[in-house]
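J.: have a look; sequence and predicted model below, questions after that.
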Amino acid sequence: MTARAHVGLPRWLYVPALLGMVFVLLPLVAMVSRVEWGDFGSLVSSPSARDALWLSLRTSTTSTALCVLMGVPMAFVLARTSFPGQPVVRAFVLLPLVIPPVVSGIALLYTFGRRGLLGSTLEVLGIEVAFSTAAVVMAQTFVALPFLVISLEGALRTAGQRYEVVAATLGAPPRTVFRRVSLPLVLPGLLSGTVLAFARSLGEFGATITFAGSLQGTTTTLPTQIYLERVTDPDAAVALSLVLVVVAVVVITVARPGRGAV
Amino acid sequence: MSAVGRAGLVCDVEVATRDVAARIEVAPGETVALLGPNGAGKSTVLDVVAGLVAPSRGGVTLGGRDLTGVPPHRRRVALLAQEPLLFPHLSVLDNVAFGPRSRGAGRAASRDLARTWLVRVGIEDLADRRPARLSGGQAQRAALARALAAEPELLLLDEPMAALDVDVAPAVRQVLHAVLADRSVVVVTHDPLDALLLADRVAVLEQGRVVESGSTSEVLTRPRSAFAARLAGLNLVPGRWDGLAVTHADATVTGLPVERSPDAGADVVAVFSPSAVAVHAEAPTGSPRNSLAALVTDVEPLGDRVRVRTRVGDLPISAEVTPAAVVELGLVPGSRVHLAVKAVEVRVHAARRT
């Protein structure tokens, strides 16, 4: 990486910048200061806490995998093709980014719930989705998918099609271009999109509790557990919050968005 | 099936959206230079031939194959652009091996083929480098090797030397000259020297139409289009190489071969800039200069210099002198003068058969 040029910034700019940083960091510091370190071990290793953490990691990993499986093709279709109504399609794909998660949860409920659009069909097939672990994964995938699509689509647009054109004139059929040129070129964007999707899945709460409810070990993810403990056992809620923050920080530093981007 | 690398091209197309209607033909093994000002449609023609732009009318046939509706990867037409566009995530060797690999060759066989091409363009020692660690000239050689390793039936070059430093361009040009012989090639260029050295024929494109075409030296010595005339701003003496000088019916010009010395009797061209030409009232004596008796046909101001157009016999030669010299020598159309050109200023190139 090259050293940044020192053009300089107007001095006043540092004041709001600093204010913003304090605003983001202070609540974290406040939370950490409230942790009962003496009971920390027992608080985070209670059966319900361990179940919630384990469930969160499992469901977030699964939903991230689903996001990659569906999101990569979606990003390619949006970035590399043009068809009538494409802007509308893109807007709808990105909708979960801006609607409140609880609304997403309700929408899922009316689609896959017992009395939802597909619910009766699924019931005939003996599949009940709502209030199951599968529902947790679906809620997380629904809200996290746009994060992956939007960062990968951006990376694809930035990379442009010039390398793909060269590859085609060298005789590479589309599948070879995709595998050996397009994907490797946008790998940093894909990686940061995946990390964002995982982080979003891990923190998902509103859509999850609406669509999947809260059953220990089945649908109670860490954020849900924290929300429930907040009233009954504030010390446990703070301790679990810290765990979630640490997991998120680890994920973000292992694969920081933008690292290695060209 | 035509021989690899030398299929004949007929491209007779119209692209309405870009106002291009052109017919370009390339005989098997021939190199055609496509000249023309910016925006004339040169790159559009290449895009159509490569299958990247669909023509609104007409079609492209290559070696007798109709390419209508054939996707780029099945055309066997490779494109080398101004920028090398080497895949940044692959080593130089794997870049060059990309074409053979894509067409189904094994990894080892593709790499062997890639190595032979790296040797031919003179960068075999850079095989393991990443493209980011190549100089401009090295990268363009690698891109050329990559295009040729794909064994195209037709090679398209879009200003292959425009992005190169002036001091590396000659070496790349020489490599091109060596590897393009007997291939079917269309080269888009701004540089008359490229056209002279690389092309058998040139076609001049203006506003989407072919306004002139013919053998390279014909078009550049007797330009009929404005663009070719502007290109021909260089002085050019076609003739035979006698070991020291280029002999022409009207003039003998001593110069320095750019590449290895041509064979005696070979067709060559001597090229020199008008600014290398000095104008004298009397024939200069006892100096290692070319001296040519000339008749001034035109005197035209050119910024802070003056362009003096003359004829040496039938050969047009231009000189660039200071306004003071024009006054001192009393230069007007009809003046008889002697032109002096230092031999070291004259570049001698092998001419393609015309």
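T.: Here it is on my side, so go on. Numbers count the residues shown, from 1 in each chain, chains lettered A, B, ... in the order given.
J.: residues from the stretch 151-262 of chain A in reach of chain B?
T.: Residues of the stretch 151-262 of chain A found near chain B, taking Cβ under 8 Å from any Cβ of the partner chain as the criterion, are A:162-163, A:165-174, A:176-177, A:180-181, A:184-185, A:187, A:262. Using the backbone N, CA and C atoms, a C-beta is placed for each residue, glycine as well.
J.: all helices for chain B, in order.
T.: Per DSSP state H, chain B carries helices over the ranges B:42-50, B:92-96, B:98-102, B:107-121, B:136-149, B:169-180, B:192-198, B:216-221, B:226-231, B:323-329.
J.: the last one - what's its average pLDDT?
T.: Put plainly, it is helix B:323-329. Taken as a whole, helix B:323-329 has an average pLDDT of 88.
J.: and what of the first one?
T.: If you average the pLDDT over helix B:42-50, you get 92.
J.: hey, C-alpha coordinates of that helix in CSV?
T.: Presented in CSV, the C-alpha positions along helix B:42-50 are these (Å, rounded to 0.1, in the frame of the first residue of the first chain):
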residue,chain,number,x,y,z
LYS,B,42,-11.7,2.4,-36.0
SER,B,43,-12.3,0.8,-32.6
THR,B,44,-16.0,0.2,-33.6
VAL,B,45,-14.8,-1.8,-36.6
LEU,B,46,-12.5,-3.9,-34.3
ASP,B,47,-15.3,-4.4,-31.8
VAL,B,48,-17.6,-5.7,-34.6
VAL,B,49,-14.9,-8.1,-35.9
ALA,B,50,-14.2,-9.4,-32.4
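J.: ok, that helix near chain A or not?
T.: Yes - contact of helix B:42-50 with chain A (Cβ under 8 Å from any Cβ) involves B:A50.
J.: helices or strands up against that helix?
T.: Applying 3 or more Cβ pairs under 8 Å, 6 or more residues apart in numbering or on different chains; DSSP states H and E, one finds that helix B:42-50 contacts strand B:9-15, strand B:20-26, strand B:31-35, strand B:57-62, strand B:77-80, strand B:154-158, strand B:185-189.
J.: quick one: low-confidence ranges for the chain?
T.: You didn't say which chain, so I picked chain A. Applying pLDDT under 70 to chain A flags the ranges A:1-5, A:255-262.
J.: that's the wrong chain, I wanted chain B
T.: For chain B, the ranges with pLDDT under 70 are B:1-4, B:221-232, B:259-260, B:286-288, B:351-354.
J.: please identify the residues of it in proximity to chain A?
T.: Residues of chain B lying near chain A (Cβ under 8 Å from any Cβ): B:50, B:52, B:71-79, B:81, B:83, B:85, B:87-89, B:98-99, B:101-103, B:146-147, B:150, B:152.
J.: write the ChimeraX selection for whichever of the residues you listed are buried.
T.: The buried subset of the residues of chain B next to chain A, as determined by 16 or more other Cβ atoms under 10 Å in any protein chain shown, is captured in ChimeraX by this line:
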select /B:50,52,72,73,75,76,77,78,79,81,83,85,87,89,98,99,101,102,103,146,147,150,152
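J.: could you pull out the buried residues of stretch B:254-269?
T.: Neighbour counts over stretch B:254-269 (16+ other Cβ under 10 Å) mark B:T254, B:G255, B:P257, B:V258, B:P262, B:D267, B:V268, B:V269 as buried.
J.: ok, the nearest residue to the fourth one once chain neighbours are set aside - contacts?
T.: Read that as B:V258. Excluding its sequence neighbours, the residue lying closest to B:V258 (Cβ to Cβ, 6 or more residues apart in numbering or on different chains) is B:R347, at 5.1 Å. B:R347 is in contact with B:G255, B:L256, B:V258, B:A270, B:V271, B:F272, counting by Cβ atoms under 8 Å, 6 or more residues apart in numbering or on different chains.
J.: and the fourth one, how far from chain A?
T.: Using Cβ to the nearest Cβ, to the nearest Å, one gets 37 Å for the distance from B:A270 to chain A.
J.: roughly how far does that residue sit from B:R173?
T.: 17 Å (Cβ to Cβ, to the nearest Å).
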